[in-house]
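Undergrad: show me the folded form of this:
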Amino acid sequence: GIRVVGHSLGAGVAALLLAMLQGLPEHAQRDLRGVGIATPACASPALAGRLRGSLVSLVHRHDIVPRLSLRNLQRIGDELVSAGEREWCARELDRDLRDLWTHIGWASRANGQALPESPEDDPGAAIAAASALIAGAA
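TA: Below you'll find the model as predicted:
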């Protein structure tokens, strides 16, 4: 038989290697098994089903790495970000944009350029002014 073993990233590699070996006809009769310690989320549900019974994954109860899947990160984001926090973030981003616009407008007026009153009035001008300002600073 063949045994694959790994920890953390190596456990993810071991899991994928085990799945690859299981899919090769020349290994169909072999006893293929693996052990992963702190295996990251690296397999689709279908692949995880194929590995069930041949891969043992050990996870410490407080280890976040094995639980870091895209779906779990989305759930955490949904749970941690309340409506009030989203509104606060939107206000802060708007304020930052206005501050940046004020700075770009000041720099553009100093260079003899005219800009609309706000970035929403002409987004193209906002992008062009920001690009010119950045290019001038480079």
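Undergrad: give me every residue that touches the closest residue to Leu16 other than its chain neighbours.
TA: The shortest distance from Leu16 to any non-neighbouring residue, by Cβ to Cβ, 6 or more residues apart in numbering, is to Cys42 (6.2 Å). Bear in mind the C-beta positions are built from the backbone N, C-alpha and C, glycine included. Remark: with contacts taken as Cβ atoms under 8 Å, 6 or more residues apart in numbering, Cys42 is in contact with Gly12, Ala15, Leu16.
Undergrad: most neighbours of all those, which one?
TA: The member of the contacts of Cys42 surrounded by the most neighbours (other Cβ atoms under 10 Å) is Ala15, with 25 neighbours in all.
Undergrad: which SS state does that one fall under?
TA: Under the three-state scheme (DSSP: H, G, I helix; E, B strand; the rest coil), Ala15 adopts helix.
Undergrad: show me what Arg3 is bridged to.
TA: Arg33 (DSSP bridges).
Undergrad: which SSE is Glu79 in?
TA: Glu79 belongs to helix 70-80 when assigned by DSSP states H and E.
Undergrad: kindly reformat the contacts of Cys42 as a markdown table containing distance to Gly49 and pLDDT.
TA: A markdown table is the format used below for the contacts of Cys42 (distance: Cβ to Cβ, whole Å; pLDDT from 0 to 100):
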| residue | distance to Gly49 | pLDDT |
| --- | --- | --- |
| Gly12 | 17 | 93 |
| Ala15 | 13 | 95 |
| Leu16 | 15 | 94 |
